[in-house]
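Visitor: could you work out the structure for the sequence below:
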Amino acid sequence: MDDNSTLQDFLNTIINMDTVLGLKKIPDESTDLIFADPPYNLQLKEELWRPNQTRVNAVTDHWDKFSNFQEYDEFSLKWLSECRRVMKKDGVIWVIGTYHNIFRIGKIMQDLGFWIINDVVWIKTNPMPNFRGTRFTNAHETLIMAVKDQNSKYTFHYKSMKIFNDDLQMRSDWNIPICSGPERIKIDGKKAHSTQKPEELLKRIIISTSNPGDLVLDPFMGSGTTGSVSKLLGRNFIGIEADKDYVSLAEKRIAQVKPVETNLLGYPAEEKSPKVPFGELVSSGYLMVGETIYSENRKLKATVLPNATLVSDGIIGSIHSVSASLMGKPSFNGWHFWFAERDGEMVCINEFRKKYIEDMR
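Guide: Numbers count the residues shown, from 1 in each chain. Reported below is the predicted structural model:
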C-alpha cells in the first residue's frame, strides 16, 4: 500500500485509475475474493467481416493492445503480485481468459506461489461463430481458481453448489450463455463494453467462494458486473477501472441494484450439526434404559442398557456397531437405522437428537 488511505475509503466504490496503481492503494491482506477479467491480448491484426459484409464488433479496444508477449507478461506479473499482496491468507482469486492469455497467466500465478484449485471451463451456449472457417468456433473461456498457498483454508460452499446443481456435484464445466438481451448494456445501439460478462457467471463464483459481508475485489471492473452481483448478494466490493466512461457506466448500473434480503443469504446446507453422543439422549430422558428400539420394519430390535450401549441377540455395542453386525456390514449409521415407538408411531432416533439440539439452544 503506497499512501495513508484506509480500506473504508474505497469500500463499495470504483477507483478510477490504472489497475496496478489502484491496487497499491488497497491494504495488505484485506480482500476475501478477487475476480479478475484482465485484457486478453487478442492480437487482432485486421477487421473481421461476416459473410453478409457486416463488420464484427470484436475486441479492438486500446486497453487490449500490447507490443509483444514480454510486455503483456510484465503487466500480468505486476497486477497479479499486487493481488497476492491484498488477498487474505485464506482468500480466493479467480482469473478468466482465453487461449490467447490464460496459459501465460497460469504460469505466472504458479511462479508467484498461488496454489491452483480448479480450472473451470465456461462453455458458451451461444458463442460467436467463426466467420472465416479457418478454425474451430471458440465456444469457451477458462477460469483459474486459486488460493494464496497450499495451506489456505479457503471458503468453498460445496454442499450448497451441489444443491444448486440438482443434488449432483457441481462440475468444472459451466454452461452459461454469453451476455445478451436486456442484460447486455448498450449505448446508441452498440455494446457499451466489448467483454461484459454474464451475471450468472459471477453469481456462481461469489456464491461458491465467499460469504455475506466479505470483500470482493475486481481490478478490471469494466461495466460493473462484479460490483452489481456483489451488492445483490450482500458482499462489499472494490473495483478498479482506468476508463472514466466505464466507471460512470458501472456506478449507474450498481446504484440500481436492490440487494437480496440478508436473511436469505445464509448457507444452511453447510451448517454442521453439533455432535451428540447417544448416551446424552439416554441420560436426558429422550430414550429410557431398558427401552426396546427397532429397525424401521420392526424385524430387528435391541435393548438400551444403562451405559448407553445396545444388546441384540447377544451382540453388545454402540448404536452403530450393533446395527452394522445385524446388517452384516463393516459399518453402518445407527442414527438412521434405529427407531423408537412413540404414541403408536415409529420415530427415528435421529429425530430425538435434533430435538435435543433444539432444546439445548
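Visitor: contacting residues around residue 331?
Guide: Residue 331 makes contact with 320, 324 under the criterion C-beta atoms under 8 Å, 6 or more residues apart in numbering. Just so you know, the C-beta spots here come from the backbone N, C-alpha and C atoms, and that holds for glycine as well.
Visitor: where does it land on pLDDT?
Guide: Residue 331 carries a pLDDT value of 92.
Visitor: and what of residue 63?
Guide: Note on residue 63: pLDDT of 55.
Visitor: and residue 201, that one's in a helix?
Guide: Yes - judged by DSSP: H, G, I helix; E, B strand; the rest coil, residue 201 forms part of a helix.
Visitor: so what's the residue count around the nearest residue to it once chain neighbours are set aside?
Guide: Excluding the flanking residues, the one nearest residue 201 by C-beta to C-beta, 6 or more residues apart in numbering is residue 176, at 5.6 Å. Applying other C-beta atoms under 10 Å, we find 17 residues neighbouring residue 176.
Visitor: do I have it right that residue 176 meets residue 200?
Guide: Yes - at 5.0 Å, residue 176 and residue 200 qualify as touching, with contact defined as C-beta atoms under 8 Å.
Visitor: any idea of the pLDDT on the spatially most central residue of the chain?
Guide: With distances taken as C-alpha atoms, centre = their mean, the residue of the chain nearest its centroid is residue 208 (2.1 Å). As predicted, residue 208 sits at a pLDDT of 98.
Visitor: please give the element, helix or strand, for it.
Guide: Using DSSP states H and E, residue 208 sits in helix 199-209.
Visitor: check which element follows that helix along the chain.
Guide: Using DSSP H and E, the helix or strand that follows helix 199-209 towards the C-terminus is strand 215-218.
Visitor: could you point out which element follows that following strand?
Guide: Sequence-wise, the next helix or strand downstream of strand 215-218 (DSSP H and E) is helix 225-232.
Visitor: what about that following helix, average pLDDT?
Guide: The pLDDT scores in helix 225-232 average 98.
Visitor: one step back: tell me what the helix holding residue 208 is packed against?
Guide: Judged by 3 or more C-beta pairs under 8 Å, 6 or more residues apart in numbering; DSSP states H and E, helix 199-209 is in contact with strand 31-36, strand 87-97, helix 158-164, strand 173-176, helix 225-232.
Visitor: how about 7 Å then?
Guide: Where contact means 3 or more C-beta pairs under 7 Å, 6 or more residues apart in numbering; DSSP states H and E, helix 199-209 is packed against strand 31-36, strand 173-176, helix 225-232.
Visitor: which one of those lies closest to residue 265?
Guide: Proximity to residue 265 (C-beta to C-beta) singles out helix 225-232 among these, at 9.9 Å.
Visitor: tally of neighbours for residue 179?
Guide: Applying other C-beta under 10 Å, we find 21 other residues in the vicinity of residue 179.
Visitor: list the residues that contact it.
Guide: If you count contacts by C-beta atoms under 7 Å, 6 or more residues apart in numbering, residue 179 has them with 196, 197, 198.
Visitor: how about low-confidence regions in the stretch 1-150 of the chain?
Guide: Low-confidence segments of the stretch 1-150 of the chain (pLDDT under 70): 1-2, 43-64, 131-132.
Visitor: try 50 this time
Guide: Applying pLDDT under 50 to the stretch 1-150 of the chain flags the ranges 48-51, 53-56, 58.
Visitor: find residues that contact each of residue 176 and residue 200.
Guide: Counting by C-beta under 7 Å, 6+ apart, no residue touches both residue 176 and residue 200.
Visitor: for residue 148, grab phi and psi.
Guide: Main-chain torsions, residue 148, degrees, to the nearest 10: phi -70, psi -40.
Visitor: go ahead and confirm it touches residue 87.
Guide: Yes - counting by C-beta atoms under 7 Å, residue 87 is a contact partner of residue 148 at 5.4 Å.
Visitor: how many neighbours does residue 272 have?
Guide: Residues within reach of residue 272, counting by other C-beta under 10 Å, total 5.
Visitor: doesn't it lie inside a strand?
Guide: No - under the criterion used here (three-state DSSP), residue 272 is coil, not part of a strand.
Visitor: for it, give me the pLDDT.
Guide: On pLDDT, residue 272 comes in at 78.
Visitor: and it, how far from residue 92?
Guide: As judged by C-beta to C-beta, to the nearest Å, residue 272 and residue 92 stand 21 Å apart.
Visitor: same check on residue 170?
Guide: For residue 170, the distance to residue 92 (C-beta to C-beta) stands at 15 Å.
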